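[1] quick one, structure for this:
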Amino acid sequence: MQLTPAVRMGLSVSVATGLYGISFGALSTAAGLSVLQTQVLSLMMFTGGSQFAFVGALSGGGAPALVSASLLGLRNMVYGAQMNAVFRPTGVRKYLQAHVTIDESVATAVGQSSSDEQRRGFWTAGVGVFALWNLFTLAGSLLGNTLGDPRAWGLDGAAVAAFLGLLWPRLHNRETVAIGVAAAFVTLLLVPALPQGLPLLVAAVVAACVGEALGRRGSTT
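    Numbers count the residues shown, from 1 in each chain. Below is the predicted model:
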């Protein structure tokens with residue numbers, strides 16, 4: 001495989017995100033799921049935020065956590081439509097692409113300037129995260145309580161750092177900075193008040209509206 005910038009980015013994101021699977025594996029078994037159940041959940045559900053929310057429901061979060069899991073999963077529908085329009089997959093590839101359409105694979109793809117690099121970035125990040133997430137989920141669920149509290153490790157910080165690394169190169173003009181600031185501000189306001197997942201969906205709508213408004217203003221000047 002040619003080690004292009006998109007591939008390097010996809011591999012870096014895969015490692016940063018995959019490591020967070022240790023935390024999920026440990027929390028899942030602590031919530032009462034077996035190692036096998038935890039692994040099947042990661043293999044089949046494969047959307048980190050929704051998996052954590054689901055485990056939260058099992059460990060006492062109840063209906064609100066299940067609602068959060070569903071809301072977090074909705075964003076993948078938007079991603080799927082976007083990536084389907086870009087790559088136009090057919091046959092078995094269409095189903096494989098759908099399964100690895102996640103935050104990381106989409107962000108890596110849209111960060112590239114050419115269609116070939118978009119494709120390389122998408123598949124490198126998608127398959128890479130899938131492999132490492134499930135590998136580290138297994139490690140976390142097997143080690144269980146011997147790890148202590150996995151939330152104290154700061155692995156979620158590694159995932160955030162990976163996203164910031166993807167986002168930063170896109171902030172190349174005032175318009176993109178304004179969209180990012182507006183979305184972040186709305187998210188911060190809504191996180192304490194709404195179920196997990198819904199603030200991100202509202203922020204996405206706000207970002208789209210701000211982008212549309214800025215685009216219209218630019219076309220009239």
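[2] residues near residue 58, how many?
    Counted with other Cβ atoms under 10 Å, residues neighbouring residue 58 total 16. Yep, even glycine has a C-beta here, placed from its N, CA and C like the rest.
[3] quick check on the residue nearest to it when sequence neighbours are not counted: phi, psi?
    Excluding the flanking residues, the one nearest residue 58 by Cβ to Cβ, 6 or more residues apart in numbering is residue 31, at 4.4 Å. Backbone torsions for residue 31, taken as degrees, to the nearest 10, come to phi -80, psi -10.
[4] surely residue 31 touches residue 52?
    No. Counting by Cβ atoms under 8 Å, residue 31 stays clear of residue 52, with 10.2 Å between them.
[5] please say which of these two ends up with more neighbours.
    A side-by-side neighbour count of residue 31 and residue 52, using other Cβ under 10 Å, places residue 52 first with 21 against 16.
[6] so which strand or helix has the more buried one?
    Element membership for residue 52 (DSSP states H and E) is helix 48-56.
[7] same deal with residue 98?
    Per DSSP H and E: residue 98 is located in helix 91-99.
[8] what packs against that helix?
    helix 62-87, helix 115-143 (3 or more Cβ pairs under 8 Å, 6 or more residues apart in numbering; DSSP states H and E).
[9] give the buried residues for that helix.
    residue 97 (16 or more other Cβ atoms under 10 Å).
[10] need the helices and strands packed on helix 91-99 in a markdown table with mean neighbour count and mean pLDDT, can you?
    A markdown table is the format used below for the helices and strands packed on helix 91-99 (neighbours: other Cβ atoms under 10 Å; pLDDT from 0 to 100):
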| stretch | mean neighbour count | mean pLDDT |
| --- | --- | --- |
| helix 62-87 | 16 | 71 |
| helix 115-143 | 21 | 93 |
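[11] per-domain residue ranges of the chain.
    5-170, 171-221 (automatic domain parsing).
[12] lowest-confidence helix or strand of the protein?
    Ranked by mean pLDDT, DSSP states H and E, the weakest helix or strand in the chain is helix 155-167, scoring a mean of 53.
[13] ok so, going back, how big is the angle separating the helix holding residue 52 from helix 115-143?
    Helix 48-56 runs at 20 degrees relative to helix 115-143, counting by axes from the mean of the first three to the mean of the last three Cα atoms, to 10 degrees.
[14] tell me the mean pLDDT for helix 48-56?
    The average pLDDT within helix 48-56 is 77.
[15] who are the packing partners of that helix?
    Applying 3+ Cβ pairs under 8 Å, 6+ apart, one finds that helix 48-56 makes contact with helix 21-30, helix 35-44, helix 62-87.
[16] now with 6 Å?
    Packing partners of helix 48-56 (3 or more Cβ pairs under 6 Å, 6 or more residues apart in numbering; DSSP states H and E): helix 21-30, helix 62-87.
[17] quick one: it to helix 35-44, angle?
    150 degrees.
[18] quick one: buried residues of helix 48-56?
    48-56.
[19] excluding chain neighbours, what is closest to residue 41?
    Nearest to residue 41 is residue 51, by Cβ to Cβ, 6+ apart, at 6.2 Å.
[20] typo on my end, it should be residue 115
    Spatial nearest neighbour of residue 115, excluding adjacent residues (Cβ to Cβ, 6+ apart): residue 86 at 7.7 Å.
[21] tally of neighbours for residue 102?
    The burial count for residue 102: 21, using other Cβ under 10 Å.
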